[in-house]
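1. here is a sequence with its predicted model. Questions after.
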Amino acid sequence: MTDTKRYERSDFQTDQEVRWCPGCGDYTILASVQSFLASLDIDREKHVFVSGIGCSSRFPYYVNTYGMHTVHGRAPAIATGVAAANPDLTVWVITGDGDGLSIGGNHLIHALRRNVNLNIILFNNQIYGLTKGQYSPTSEVGKMTKTSPMGSIDRPFNPVSLALGAEATFVARTIDMDRNHTIAMLDAMHNNVGAGFLEIYQNCNVFNDKAFLDLTDKSTRDQNRIWLEDGQPVIFGEDDEYGVQVDADGARIVEVADVGHDNIHVHDASAPNPSAAFALSRISQGPYGPTPLGVFRDVETSDYGHDLERQVAAAQETKGPGDLAKLVRSRGTWTVEA
């Protein structure tokens, strides 16, 4: 017998006033996540949301589950502890392009490298919103902000490329305003055991409005959204007139009529080697022009939490359960034997 039951979205809403700017893309993401959680047969008490600092990091207040609003950039580290201590929990990390890729960049890449069983959602609005409009690690070169009045000279991170370089077992990208696609990406990430990374292009209508216009405006979106579907040729355009080829030199956009349909790259999200997925991620540097959306990588391998459990169990089997209190009260040094 189980206490698991079906939920409505309202079951994952809290009594806290949602305090984002009117029109912020975070509202749509929150609604998508709450709707997705309601579709799962998982007790609310089995979810934990961990966030850092930033607009997106208010998230745990607004989701009726366990949650922790932690310190700047350290959400992946704290979430690693939660997931390692209890691998049966579903642990979500909520972060932004500033929190996750600046002060928290080191924690992020190592959580991905270790393959900790986390669902990491990075809200990318290409700006520091909470501190009122400074350029961020994903702001484009030339971005004029309060901290770059003559235009940013920093080259931005490509978050998907970064996650693939760290060999996260799941990497995807979506857009805040496309709720159906966002929910589909959340579902795919949740089904992957290991380090999942979902970048969401999120509009900050106060400090960086219309940053994703190429992908959201009705007049341009069909020409610029490259939908990645596993096992399908990578084609796009209003009439599927464009395609993508991938070779040793990377990925490039071609006209299907020029090269033939059979010479278009067929996407394989489950490929063990992430090279082709990385090449696809390099098609765009930010949401300008044709940009891949969907699942880049989805592979299965052992995750950190369960590997740690097995290691501890093996040690206890050969050496006994141990006595932490005795160890703490012992001399200042001790010998560790293999």
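-> Everything's here; your move. Residues are numbered from 1 along each chain as shown.

2. please make it C-alpha for all contacts and neighbour counts, starting now.
-> Fine.

3. contacting residues for residue 159?
-> Residues near residue 159 by CA atoms under 8 Å, 6 or more residues apart in numbering: 101, 138, 199.

4. could you redo the last one with a cut-off of 10 Å?
-> Neighbouring residues of residue 159 by CA atoms under 10 Å, 6 or more residues apart in numbering: 97, 100-101, 122, 124, 137-138, 165, 171, 173, 197-199, 281, 285-286.

5. show the average pLDDT along the longest helix seen in the chain.
-> Counting residues, the longest helix found in the chain (DSSP state H) is helix 304-319. Helix 304-319 shows a mean pLDDT of 92.

6. ok, residue 293 to residue 318 distance?
-> Separation of residue 293 from residue 318 (CA to CA, to the nearest Å): 49 Å.

7. same deal with residue 249?
-> Residue 249 is 51 Å from residue 318, by CA to CA.

8. so where's the stretch 201-338 of the chain shaky on pLDDT?
-> Scanning the stretch 201-338 of the chain with the threshold set as pLDDT under 70 gives 338.

9. starting at the chain centroid, how far to the following helix or strand past the longest helix of the chain?
-> Next along the chain after helix 304-319, taking DSSP states H and E as the criterion, comes helix 324-329. Its chain's C-alpha centre and that of helix 324-329 lie 40 Å apart, by CA atoms, centre = their mean, to the nearest Å.

10. CA atoms of helix 324-329 as CSV?
-> In CSV, the C-alpha atoms belonging to helix 324-329 read as follows (Å, rounded to 0.1, in the frame of the first residue of the first chain):
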residue,chain,number,x,y,z
LEU,A,324,31.3,8.2,14.6
ALA,A,325,31.0,9.4,18.2
LYS,A,326,34.0,7.2,19.2
LEU,A,327,36.0,8.6,16.3
VAL,A,328,35.3,12.2,17.2
ARG,A,329,36.4,11.5,20.9
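
11. who does it touch, helix- and strand-wise?
-> With contacts taken as 3 or more CA pairs under 10 Å, 6 or more residues apart in numbering; DSSP states H and E, helix 324-329 sits against no other helix or strand.

12. ok, residues contacting that helix?
-> With contact meaning CA under 10 Å, 6+ apart, helix 324-329 is reached by 330, 333-334.

13. where along the stretch 101-250 of the chain do the strands fall?
-> Counting by DSSP state E, counting those that start in this stretch, the stretch 101-250 of the chain has these strands, from start to end: 119-124, 170-175, 196-201, 225-228, 235-236, 242-247, 250-255.
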